[in-house]
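Chemist: using only what follows, build the 3D model:
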Amino acid sequence: MWIKKIFFIFLVRPLVLIISGVSVKGKENLPTKGPAILVANHNSHLDTMVIMSLFSLKTLEKVRPIGAEDYFCDKPYKKWLSKNLIDLIALKRRPSKVDGHPFGEIYEALDKGDIVLLFPEGSRGDPEVMKPFKTGIAHIAEAYPLVPVVPLYIHGAGKALPRGEALFVPFVIHVNVGEGRYHEGESKVEYTNSLEESMFGLEEALD
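Modeler: Residues are numbered from 1 along each chain as shown. Below is the predicted model:
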């Protein structure tokens, strides 16, 4: 998608990589092809831009973030921007039976070999405070046990562009990328708790 590449080349990358500055640890753990699942903590809308900026333009074509439909698609212009500039997978918070499987579009993306990006907390939290993970990621990982789940911890994006703020503040952002992991038959609660613990480990490793 050419418009997505142009958006990242001329706006996103200069903003997050040059003006702000991003320090990355474990970049070799980023997937270079799909299918793959990226999971990260979530403090800012900048999180998505930072993560996607870490990929080569060739791989970027396959990276698809997941976001709430009632926020990103509630107005025609926001829906157009979300779909065309970042190739968003819009997720309904309260899907009905007529909508089909709540993760249907995510599964379709993985089946096509895409790299999906999701935030297990479900919504943005306070700067540098990680909320408990929801079990949705466990459902997806269980359905795709051969697809790696790659955890990323982001520090600083919540200060550079906090929730509810529109003013960007240049602030060095640190990212720690963990090794891919696979679902090994754990219960959904066990898997979710284990993933959450691995995220805390990535946070501690940044110190």
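Chemist: where does this structure dip in pLDDT?
Modeler: 19, 94-100, 123-127, 158-170 (pLDDT under 70).
Chemist: tell me where it has helices.
Modeler: Along the chain, counting by DSSP state H, helices occupy 2-7, 13, 46-53, 57-60, 69-72, 76-85, 104-111, 136-143, 157-160, 188-205.
Chemist: which secondary structure elements does the longest one contact?
Modeler: So the one you mean is helix 188-205. helix 136-143, strand 149-155, strand 173-177 (3 or more CB pairs under 8 Å, 6 or more residues apart in numbering; DSSP states H and E). No exception for glycine: its C-beta is placed from N, CA and C like everyone else's.
Chemist: quick check: angle from the first one to helix 104-111?
Modeler: Counting by axes from the mean of the first three to the mean of the last three CA atoms, to 10 degrees, helix 136-143 lies at 50 degrees to helix 104-111.
Chemist: separation between the residue most central in space within the chain and Y77?
Modeler: Centroid-nearest residue in the chain, with CA atoms, centre = their mean: L117, separated by 3.4 Å. From L117 across to Y77, the span is 22 Å (CB to CB, to the nearest Å).
Chemist: how about T135?
Modeler: 33 Å.
Chemist: now do G201
Modeler: Taking CB to CB, one finds G201 at 40 Å from Y77.
Chemist: quick one: which of those two has more around it?
Modeler: Remark: of G201 and Y77, G201 carries more neighbours, 13 against 7, as counted by other CB atoms under 10 Å.
Chemist: not counting sequence-adjacent ones, nearest residue to that one?
Modeler: G178 (7.6 Å; CB to CB, 6 or more residues apart in numbering).
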